[in-house]
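> sequence first, then the predicted structure:
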Number of protein chains: 2
Amino acid sequence: MDIAIPLYDGFTALDAIGPYEVLSRLPGARVTWLAGEPGPVRTDNGMLGVEVDARLEDLPQPQVLVVPGGFGNRALLDDERILGWLRTAHASSTWTTSVCTGALLLGAAGILEGLRATTHWLELETLKRFGATPVEERVVVEGKVVTAAGVSAGIDMALWLGARIAGDSWAKATQLAIEYDPQPPFDSGSTTKAAPDLVARMRSARRAADA
Amino acid sequence: MDIAIPLYDGFTALDAIGPYEVLSRLPGARVTWLAGEPGPVRTDNGMLGVEVDARLEDLPQPQVLVVPGGFGNRALLDDERILGWLRTAHASSTWTTSVCTGALLLGAAGILEGLRATTHWLELETLKRFGATPVEERVVVEGKVVTAAGVSAGIDMALWLGARIAGDSWAKATQLAIEYDPQPPFDSGSTTKAAPDLVARMRSARRAADA
């Protein structure tokens, strides 16, 4: 089973690596990292380089597509090379998924038109531009299109998807293998749980960045 | 603040990327990926290559040390180059941390002698070889030595550590930024929560691998 993860400069590492860590353990899984050109691609903060193995066009028909987010994709929302590849891959995929603002790329490719979808909480409204209905849920499933919330949500999404592909027993064994028994020291991971003034401050910083 | 993450062929990606995603957001953080030689290092399943920026010796005194696990480190438990580097780095570090079987490398370097420590649940007993007392907890703190349980536990560890370094407000904002509001679809992430027969099967497979 071919799992394609398209990367670009400025992606967020955990968006991609969370699902990779789970889905690469599926029986027969082959994960391929794609970009415009093979070679290292750097993350949003520039502090990490990931090796890309192949050009987008080298794998036009993966069974599973995982699109990570990151500030770098803002420059790609009208890039026909990646959007065209997404449309082609989606046409024959079994599952088309995104994590965080990876959903904006799916949206720009027209894949979220008329669907409920999620993304990083700070970008939910942006989904409307693409004809999607934003939903603040951890994982949103619409047929074969699965969108996950911000960054760390890709781990939950991948366990859900792995269960659909290989069964609940596989997913439970994988959860135990990666010891995914989360115990964050704070309870500040969503807009409904974090302090309202923190949420407001981050929303305001987000608007300022756009202005 | 220099954060060093030593890598080696056969490391587990999420062990390293979980803490990286959190700690790279610390004010003034500079993450450096180290190995024997610069260049790409491959993960345990070979499906991902991460760029290493520098030789171990290029950064002998990081303030924070994060040692990821992975099957590849079994070959390094008597490798004096990495063990010597770990001892030197630990001598002046502010925090010396490990995720998953990264603890075995700390142990082999003599850093866990007489300390309580944790690691992947399947390797807890191995810690005794290094004079450590194994503890099945998510994050174990002994002075400046912090060990985390398997794979995904590095995210929780890094939020705890980030709070110590930059304050609770910083950690809560970072938790919200990475939307870390875990909602795994199953509750099978630890030996006390997973089905007993699954735990037994995995323990048995682990013993068979050793035989």
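Sure thing, it's come through.
> list the contacts for A:Leu14?
Each residue near A:Leu14 by C-beta atoms under 8 Å, 6 or more residues apart in numbering or on different chains is listed here: A:151-152, A:154, B:17-18, B:20-21, B:178. No exception for glycine: its C-beta is placed from N, CA and C like everyone else's.
> following element in sequence after the one helix or strand it maps to, please.
Per DSSP states H and E: A:Leu14 is located in helix A:13-23. Using DSSP H and E, the next helix or strand after helix A:13-23 towards the C-terminus is strand A:30-35.
> so where do the helices sit in chain A?
For chain A, applying DSSP state H gives helices covering A:13-23, A:80-92, A:102-108, A:153-166, A:168-177, A:196-210.
> go through those and pick out the most buried.
helix A:13-23 (a mean of 29; mean count of other C-beta atoms under 10 Å in any protein chain shown).
> so how far is that one off the chain centroid?
Between the centre of helix A:13-23 and the centre of its host chain there is 9 Å, according to C-alpha atoms, centre = their mean, to the nearest Å.
> for stretch A:67-78, same thing?
Counting by C-alpha atoms, centre = their mean, stretch A:67-78 comes out at 11 Å from the chain centroid.
> what's it in contact with?
Stretch A:67-78 has contacts (C-beta under 8 Å, 6+ apart) with A:5-12, A:15-16, A:19, A:43-44, A:82-83, A:86, A:96-106, A:108, A:119-120, A:150-151, A:154.
> same check on stretch A:23-40?
Residues contacting stretch A:23-40 (C-beta under 8 Å, 6+ apart): A:1-8, A:20, A:41, A:49-56, A:58-59, A:62, A:64, A:66, A:81-82, A:158, A:161-162, A:165-166, A:170, A:174, A:177, B:40, B:45, B:47-48, B:51.
> now, of these, which are buried?
For those, a burial check counting by 16 or more other C-beta atoms under 10 Å in any protein chain shown picks out A:2-8, A:20, A:41, A:49-53, A:56, A:59, A:62, A:64, A:66, A:82, A:158, A:161-162, A:165-166, A:170, A:174, A:177, B:40, B:45, B:47-48, B:51.
> what does stretch A:113-131 contact?
Here stretch A:113-131 makes contact (C-beta under 8 Å, 6+ apart) with A:69, A:98, A:100-104, A:106-108, A:110, A:112, A:132-140, A:142, A:145, A:147-151, A:190-191, A:202-203, A:206, B:179.
> do you know the pLDDT at the nearest residue to A:Asp15 once chain neighbours are set aside?
Closest residue to A:Asp15 in three dimensions, ignoring its sequence neighbours and counting by C-beta to C-beta, 6 or more residues apart in numbering or on different chains: A:Pro68, at 3.5 Å. pLDDT for A:Pro68: 98.
> for A:Leu48, same thing?
Looking at A:Leu48, its pLDDT reads 98.
> how about A:Val64?
With respect to pLDDT, A:Val64 scores 98.
> could you do A:Ala209 as well?
A:Ala209 is assigned a pLDDT of 82 by the prediction.
> before we move on, what about A:Arg81?
Per-residue pLDDT puts A:Arg81 at 97.
> output the below-cut-off pLDDT ranges for chain A.
Counting by pLDDT under 70, chain A contains no low-confidence range.
> give the contact list for the spatially most central residue of chain A.
Compute the mean C-alpha point of chain A, and by C-alpha atoms, centre = their mean the closest residue is A:Val99, 1.9 Å away. The contact partners of A:Val99, by C-beta under 8 Å, 6+ apart, come to A:15-16, A:18-19, A:66-69, A:148, A:151, A:153-154, A:157.
> do A:Pro182 as well
Listed by C-beta under 8 Å, 6+ apart, the contact set of A:Pro182 reads B:152, B:155-156, B:180, B:182, B:184, B:189.
> if you set the cut-off to 6 Å instead, what comes out?
By C-beta atoms under 6 Å, 6 or more residues apart in numbering or on different chains, the contact list for A:Pro182 reads B:Pro182.
> excluding sequence neighbours, find me the nearest residue to A:Met157.
Nearest non-adjacent residue to A:Met157, counting by C-beta to C-beta, 6+ apart: A:Ala148, 3.7 Å away.
> for A:Ala109, same thing?
Using C-beta to C-beta, 6+ apart, the closest residue to A:Ala109 is A:Leu86 (4.0 Å).
> any idea how far the one you found is from chain B?
Separation of A:Leu86 from chain B (C-beta to the nearest C-beta, to the nearest Å): 21 Å.
> please apply the same query to A:Glu125.
On the measure of C-beta to the nearest C-beta, A:Glu125 and chain B end up 16 Å apart.
> may I have stretch A:98-106 as CSV, with CA atoms only?
Only the C-alpha atoms of stretch A:98-106 are listed here, as CSV (Å, rounded to 0.1, in the frame of the first residue of the first chain):
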residue,chain,number,x,y,z
SER,A,98,-4.8,16.2,5.8
VAL,A,99,-3.4,17.4,9.1
CYS,A,100,-3.6,21.0,10.4
THR,A,101,-3.4,23.5,7.5
GLY,A,102,-2.8,20.7,5.0
ALA,A,103,-6.6,21.1,4.6
LEU,A,104,-6.0,24.4,2.9
LEU,A,105,-4.1,22.6,0.2
LEU,A,106,-6.9,20.1,-0.2
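> and it, how far from the chain's centre?
5 Å.
> ok, now stretch A:50-61?
Distance, stretch centre to chain centre, for stretch A:50-61: 17 Å (C-alpha atoms, centre = their mean).
> could you work out the end-to-end span of it for me?
In stretch A:50-61, first residue to last residue: 22 Å (C-alpha to C-alpha, to the nearest Å).
> and for stretch A:119-136?
Stretch A:119-136 has an end-to-end distance of 8 Å (C-alpha to C-alpha).
> do stretch A:89-104 as well
Start-to-end span of stretch A:89-104 (C-alpha to C-alpha) is 16 Å.
> what does stretch A:116-135 give?
Stretch A:116-135 end-to-end distance (C-alpha to C-alpha) = 6 Å.
> residues of chain A that sit close to chain B?
Those residues of chain A that sit near chain B, judged by C-beta under 6 Å from any C-beta of the partner chain, are A:13-14, A:17, A:21, A:24, A:31, A:40, A:45, A:47, A:49-51, A:138, A:149-153, A:156, A:159-160, A:172-173, A:175-176, A:178-186, A:188-190, A:194, A:198.
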